[in-house]
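J.: Task: produce atomic coordinates for the following.
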Amino acid sequence: MTIMPPAPFFHLASGALRFWVLQDDGRCVGASISKETLHYCFRGDSYGENAVATYEVNRRCIDDAVRRRTAAGSLEPVMLRDTDVSDGRLRPQPPRPGA
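T.: Numbering: from 1, shown residues only. Down below sits the predicted model:
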């Protein structure tokens, strides 16, 4: 049975995108990334208005960062930092206009 993670959403009060990442063992791990990290590392807008679109375009990079953190022992929920996603291996993509 495949478990589908809940849809990502922007949490206005915390200024962070909240999302879940399916792990190799089948667990869904909750995580978040701030609008500032999305802006500086992935060229999202600075207000978080396109946070979900920015995440979707860069999902592989961001989800992989969560997997690296959990493999290193981080507990849920994982809060990604700039250093987790700006390690030089990533090719960030801005969200498409109108997304």
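
J.: Can you tell me the closest non-neighbouring residue to residue 19?
T.: Computed as Cβ to Cβ, 6 or more residues apart in numbering, the closest residue to residue 19 that is not its neighbour in sequence is residue 8, at 3.7 Å. Where you see a C-beta, it was placed from the backbone N, CA and C, and this is true even at glycine.

J.: swap that for residue 81, please
T.: Nearest to residue 81 is residue 37, by Cβ to Cβ, 6+ apart, at 6.8 Å.

J.: Then residue 14?
T.: Counting by Cβ to Cβ, 6+ apart, residue 32 is the residue found nearest to residue 14 once chain neighbours are left out, at 7.2 Å.

J.: Kindly provide the distance from residue 85 to residue 67.
T.: Separation of residue 85 from residue 67 (Cβ to Cβ, to the nearest Å): 12 Å.

J.: If you count surrounding residues, which of those two has more?
T.: residue 85 (23 against 16; other Cβ atoms under 10 Å).

J.: now stretch 16-26: mean pLDDT?
T.: What stretch 16-26 shows for mean pLDDT is 93.

J.: who's in contact with that stretch?
T.: Contact with stretch 16-26 is made by 3, 5-6, 8-11, 28-35, 38, 48, 51-52, 54-55, 62-63, 66-67, 70, 77, 79, as judged by Cβ atoms under 8 Å, 6 or more residues apart in numbering.

J.: three-state assignment of the spatially most central residue of the chain?
T.: When Cα atoms, centre = their mean is applied to the chain, the residue found nearest the centroid is residue 62 (4.5 Å). Per DSSP: H, G, I helix; E, B strand; the rest coil, the secondary structure class of residue 62 is helix.
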